[in-house]
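# quick one, fold the following:
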Amino acid sequence: MSKIAIHYSFDTISGVCRLVYIDSDLEENVLTENGGGSITVQLKSGANYIGLYGMDYKGTIKITVE
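Sure thing, here's the model as predicted:
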């Protein structure tokens, strides 16, 4: 299995933004909500997705995946 490192920064003015990982079984895991930092994700075999969900979010989002 592979690993990826995600570096993120949410400069939030208002609202909520979630960084999520959806694995090959379509199970969704919230990795973080707002803020900033880094996280390592263990990928499963098959399709894997990284996504963002926002609710009335205003601000800047920066994401780097390695």
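# next, count neighbours for Leu19.
By the measure other CB atoms under 10 Å, the count of residues near Leu19 is 21. All C-beta atoms are positioned from the backbone trio N, CA, C, and that covers glycine.
# which of the helices or strands spans it?
Taking DSSP states H and E as the definition, one finds Leu19 inside strand 3-22.
# so what touches that strand?
28-43, 48-66 (CB atoms under 8 Å, 6 or more residues apart in numbering).
# helix or strand next in line after it, which one?
Counting by DSSP H and E, the next helix or strand C-terminal to strand 3-22 is strand 28-33.
# now that following strand against strand 3-22, angle please.
Counting by axes from the mean of the first three to the mean of the last three CA atoms, to 10 degrees, strand 28-33 lies at 110 degrees to strand 3-22.
# who does strand 28-33 touch, helix- and strand-wise?
If you count contacts as 3 or more CB pairs under 8 Å, 6 or more residues apart in numbering; DSSP states H and E, strand 28-33 packs onto strand 3-22, strand 35-42.
# most packed of the ones you listed?
Of all the helices and strands packed on strand 28-33, strand 3-22 carries the top mean neighbour count, a mean of 15, counting by mean count of other CB atoms under 10 Å.
# specify the local secondary structure of Leu46.
Careful, residue 46 is Gly and not Leu. coil (DSSP: H, G, I helix; E, B strand; the rest coil).
# contact partners for it?
Listed by CB under 8 Å, 6+ apart, the contact set of Gly46 reads 23-24.
# please redo it, this time with the cut-off set to 10 Å
23-26 (CB atoms under 10 Å, 6 or more residues apart in numbering).
# possible to save these as a markdown table with distance to Phe10, pLDDT and neighbour count?
Formatted as a markdown table, those follow (distance: CB to CB, whole Å; pLDDT from 0 to 100; neighbours: other CB atoms under 10 Å):
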| residue | distance to Phe10 | pLDDT | neighbour count |
| --- | --- | --- | --- |
| Asp23 | 22 | 90 | 17 |
| Ser24 | 26 | 88 | 12 |
| Asp25 | 27 | 90 | 9 |
| Leu26 | 25 | 92 | 9 |
